[in-house]
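Enquirer: test case, fold it:
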Amino acid sequence: MSNTTQIKLKHQSFSLIFQYIPIALVVLRFAIAPLLLLDALNGQINIWFIIGFVAAFLSDIFDGVIARRLGVSTPALRKADSWADICLYLCIAAAAWIVHPDIIAAFHLPLLMVVWVQGLWWIINLVKYGQPASYHTYSAKFWGLTLFVATLALFGFDYGGVTLSLAITVGIIHTLEEIGMTFILPNWTHDVLSIAHALELRHHPR
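Expert: Just a heads-up that it's a prediction; the model follows:
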């Protein structure tokens, strides 16, 4: 076997390995989420909760970036990415209720508003597309950032003031934007960055 052939085979092998990195990062988030909840079941957390959450957040950032760079950003992968996010923050929400019930009770009305608009988002998408949307909008990324800061403030510093209020506000605005996008787009699609992109896509489909 020539050196050129060996180099090509090695390159192909590395390419195949790299293609699995985004999938591994999504799986990592699924694995970390229940461990965070498990750590909080006794009403307190340790440093590993923060480390695990930061690792999960970083995996959420890099799975999409790497997938796009490798050209493997498929609908199935993006759906799995969305489900991993849902799993992670459901476990975070449950942990917050267990560890900081006083803060959660103080914010129960705005938090219920987030739950209500998210429920409306689910209903509208299921009725129109038969499945949840997977837009990965700019506003979703900003919401993820505010949730990251709010989570660190809550579990790292026992604080739920401005950071939690901002995360709730951004979450409501983001969800309303995506509801509007679902009304605009006739067919399910993924990776639509904003309502402006949805309007453009409606007039010029991919």
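
Enquirer: every contact and neighbour count from this point should use C-alpha atoms.
Expert: Noted.

Enquirer: what's whatever helix or strand C87 lives in packed up against?
Expert: Using DSSP states H and E, C87 sits within helix 75-99. Using 3 or more CA pairs under 8 Å, 6 or more residues apart in numbering; DSSP states H and E, the elements in contact with helix 75-99 are helix 21-40, helix 47-70, helix 138-157.

Enquirer: gap between the first one and the chain center?
Expert: Helix 21-40 has its C-alpha centroid displaced from the chain centroid by 12 Å (CA atoms, centre = their mean, to the nearest Å).

Enquirer: how about the second one?
Expert: Remark: helix 47-70 is offset 10 Å from the chain centroid, using CA atoms, centre = their mean.

Enquirer: output it as CSV, restricted to C-alpha atoms.
Expert: The C-alpha coordinates for helix 47-70 follow below in CSV (Å, rounded to 0.1, in the frame of the first residue of the first chain):
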residue,chain,number,x,y,z
ILE,A,47,-19.2,21.6,43.4
TRP,A,48,-19.7,18.7,41.0
PHE,A,49,-23.2,20.1,40.2
ILE,A,50,-21.6,23.3,39.0
ILE,A,51,-18.9,21.5,37.1
GLY,A,52,-21.4,19.2,35.4
PHE,A,53,-23.7,22.0,34.5
VAL,A,54,-20.9,24.1,32.9
ALA,A,55,-19.8,21.0,31.0
ALA,A,56,-23.4,20.5,29.7
PHE,A,57,-23.7,24.1,28.7
LEU,A,58,-20.4,24.0,26.8
SER,A,59,-21.5,20.8,25.0
ASP,A,60,-24.7,22.7,23.9
ILE,A,61,-22.5,25.4,22.4
PHE,A,62,-20.0,23.2,20.6
ASP,A,63,-22.2,20.4,19.3
GLY,A,64,-23.9,22.7,16.8
VAL,A,65,-20.7,24.6,15.9
ILE,A,66,-18.8,21.3,15.2
ALA,A,67,-21.8,19.7,13.3
ARG,A,68,-22.0,22.7,11.0
ARG,A,69,-18.2,22.7,10.4
LEU,A,70,-18.3,19.0,9.6
